[in-house]
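J.: from the sequence below, what's the structure:
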Amino acid sequence: MTDTIKTNAGAGPSSAAASPASPVLEVRGLSIDYPIAIGTVKAVRDVSFSLGDGEVLGIVGESGCGKSTMGLAIMNLLRDPGRIVGGEILYHGKDVVTMTRDELRAMRGRDIAMVFQNPLTSLNPLMKIQDHFLETIRYHKPEMKKADALKHAGDLLEELGIDRKRMREYPHQMSGGMRQRIMIALGLIMHPDVIICDEPTTSLDVIVEAGFVDLLNRLRKKYNLSIILITHNLGLVAEIADRIVVMYGGKVMEESPSSLIFHDPMHPYARGLIECVPNIDLDQEKLTTMDGSPPDLVTPPPGCRFAERCPKAFERCREAEPPLLERRTSLGDGSPGATRRCACWLYGEEA
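T.: Numbers count the residues shown, from 1 in each chain. As a prediction, this is how the structure comes out:
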C-alpha cells in the first residue's frame, strides 16, 4: 500500500467495460471557472464520466489538474469565486446543479458524502468528536436515540482502529492520521450511495492505509457503495479502482479499466504518470520524472494541453485540441475487449 506498483499481468480489480450499465452518478460536460484579477481560470473543461452501483472510480492527475474541484462540484460545494458554467451532475437522474438549498442539505451525507483532504480544517476544534457524529446523525435521523447513535459511531471508529472512548476528546488531542480516520468515519456514518474520497490516505501510515482499503472494500460489498477516489497515489487506485480517469489541465486525457491503464496506457500523459512511479519489477537506479509544468489555465494552449510536455507531440497537437473518443481494445482472447476513452491525435479521429 504505497506508491509502488507491482505490474503482474492481469492485475487490477476489473477489466470490465469502461461505462457502467446503470450509473448512480453521471457527470456530463462539466465546466468550472474561477474568475480572478488577471482573467478567468478554466479549472475544469467539458468533463464527463459515470459511476455505477458498487463501483470504484479513480480520478488521478497532478496537483492543479481539477480533480478536487470536480469533487467539490459534485457536492455543489464550490467556494466563491468558483462557479459551474456548463454541464450536469446527475444523481439517479436528478441534477445536483439545480437542487435547492434544502435538497442539497438532505443529499449531503445521506446520499453522497465526501471525505475531505485536510481534516484539521474540516473538524470543529470546539466540538468533541462524538458531537460531530451526533450532529450528522440527528439531522438525517432525528428519531435515533443518542445512545444508539453513539454506539453506531463508536462501532465504525473501532473498525478504523480508534477506541470509542476517544470520541469524548477534541480534534486537537488526535494525531493527523487519527483525524483523517475520523473524517472517513463521518463520511461513512449514514452509509451513503456514493462517497467521494479526496486524498483520503494522505495522513495515514501504510498499515492504517491498508486497513482503510479493506474497510472500503467491505462496505462496498455490504452496502453496494459507489466510490470516487481522488488521489495522486497510483498504488492505491491500482489496488482498489475498477476504472481510472486521468485528468490534465482541467480535462480528461484518458478513461480506462484499471487493469488496462497500468499495463497498456493509451495517452502519453497516462504513460508518463505511471513511469514516474517506482516499479519493484525493474532494477531502477533513479526515479523517472516528467519534464515541464502544467499549462496556464487562464490562457490554455490552443491544441492539446499536454503537447508542450509530450515526447510524441507533432504539429497538429499544438494546433487543434483532440476530441475524447471511445475506442475498443481487444483483449487478445477472442472477446470484444473493453471500451476506453482517449483524447490524443496519435489515434486519429475515428473511434
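
J.: C-alpha only now, for contacts and for neighbours.
T.: Noted.

J.: tell me how far the residue positioned nearest the centre of the chain lies from Ile195.
T.: For the chain, Ile230 is the residue whose C-alpha lies nearest the centre (C-alpha atoms, centre = their mean; 2.3 Å). To Ile195, Ile230 is 11 Å away according to C-alpha to C-alpha, to the nearest Å.

J.: same check, this time on Phe314
T.: 40 Å.

J.: now do Gly61
T.: Taking C-alpha to C-alpha, one finds Gly61 at 19 Å from Ile195.

J.: just for the stretch 101-250 of the chain, where's the confidence low?
T.: By pLDDT under 70, the weakly predicted segments of the stretch 101-250 of the chain are 203.

J.: His232: neighbour count?
T.: 20 (other C-alpha atoms under 10 Å).

J.: surely it is within a helix?
T.: No: when classified by DSSP: H, G, I helix; E, B strand; the rest coil, His232 is found to be coil rather than part of a helix.

J.: what's across from the closest residue to it other than its chain neighbours in the sheet?
T.: Among residues not flanking His232 along the chain, Val60 sits closest, at 5.6 Å (C-alpha to C-alpha, 6 or more residues apart in numbering). Here Val60 sits in beta bridges with Val246, going by DSSP bridges.

J.: so who does Val60 touch?
T.: Each residue near Val60 by C-alpha atoms under 8 Å, 6 or more residues apart in numbering is listed here: 67, 230-234, 244-247.

J.: which parts of the stretch 51-200 of the chain are helices?
T.: 67-74, 101-107, 119-122, 129-140, 146-159, 176-188 (DSSP state H, counting those that start in this stretch).

J.: how distant is the fourth one from the center of its chain?
T.: For helix 129-140, the distance from its own C-alpha centre to the chain's C-alpha centre is 25 Å (C-alpha atoms, centre = their mean, to the nearest Å).

J.: which of the residues in that helix are buried?
T.: By 16 or more other C-alpha atoms under 10 Å, the buried positions in helix 129-140 come out as 129-134, 136-137, 140.

J.: just stretch 198-205 next, same as before
T.: Within stretch 198-205, the residues that qualify as buried are 198-204, counting by 16+ other C-alpha under 10 Å.

J.: longest helix in the protein, by number of residues?
T.: The residue-count maximum for a helix in the chain (DSSP state H) belongs to helix 206-223.

J.: and the angle for that helix with helix 146-159?
T.: 130 degrees (axes from the mean of the first three to the mean of the last three C-alpha atoms, to 10 degrees).

J.: what does helix 206-223 rub up against?
T.: So helix 206-223 is contacted by 1-2, 54, 159-161, 191, 193, 201, 225-226, 240 (C-alpha under 8 Å, 6+ apart).

J.: now swap in stretch 225-234 and tell me
T.: 2-5, 24, 51-62, 67-68, 71, 191-200, 219-220, 237, 241, 274, 277.

J.: give me the buried subset of those residues.
T.: Here, 16+ other C-alpha under 10 Å leaves 3-5, 24, 51-62, 67-68, 71, 191-200, 219-220, 237, 241, 274, 277 buried among the contacts of stretch 225-234.

J.: tell me which of those fall in strands.
T.: Among those, DSSP state E puts 24, 51-52, 56-60, 194-198 in strands.

J.: will you turn those residues into CSV that also has distance to Val298?
T.: Output for those, formatted as CSV (distance: C-alpha to C-alpha, whole Å):
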residue, distance to Val298
Val24, 33
Leu51, 30
Gly52, 33
Val56, 32
Leu57, 28
Gly58, 26
Ile59, 23
Val60, 22
Val194, 32
Ile195, 31
Ile196, 27
Cys197, 27
Asp198, 24
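
J.: most widely separated two among the residues you listed?
T.: Checked with C-alpha to C-alpha, those reach their widest spread between Val24 and Val60, with 20.5 Å between them.

J.: show me what counts as buried in stretch 107-123.
T.: For stretch 107-123, by 16+ other C-alpha under 10 Å, it's 107-110, 112-120, 123.

J.: for the contacts of helix 206-223, which one is nearest Thr299?
T.: Distances from Thr299 to the contacts of helix 206-223, taken by C-alpha to C-alpha, are shortest for Thr201, at 33.2 Å.

J.: relative to Pro295, how far out is the closest one?
T.: 27 Å.

J.: got it, and Asp205?
T.: 33 Å.

J.: likewise Met190?
T.: 40 Å.

J.: and the next helix or strand past the helix or strand harbouring Glu254?
T.: Assignment of secondary structure by DSSP states H and E places Glu254 within strand 251-257. Counting by DSSP H and E, the next helix or strand C-terminal to strand 251-257 is helix 258-261.

J.: just how off-centre is that following helix within its chain?
T.: With C-alpha atoms, centre = their mean, you get 16 Å for helix 258-261.

J.: C-alpha coordinates for it, PDB please?
T.: Taking C-alpha atoms only, helix 258-261 is exported to PDB below (Å, rounded to 0.1, in the frame of the first residue of the first chain):
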ATOM      1  CA  SER A 258      -7.700  -0.100 -14.100                       C
ATOM      2  CA  SER A 259      -6.300  -3.400 -15.300                       C
ATOM      3  CA  LEU A 260      -5.600  -1.900 -18.700                       C
ATOM      4  CA  ILE A 261      -4.400   1.500 -17.900                       C
END
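
J.: any idea of the mean pLDDT for that helix?
T.: Averaging pLDDT along helix 258-261 gives 90.

J.: please identify the buried residues of that helix?
T.: Using 16+ other C-alpha under 10 Å as the test for burial, helix 258-261 gives 258-261.

J.: repeat for stretch 259-273
T.: 259-263, 265-270, 272-273.
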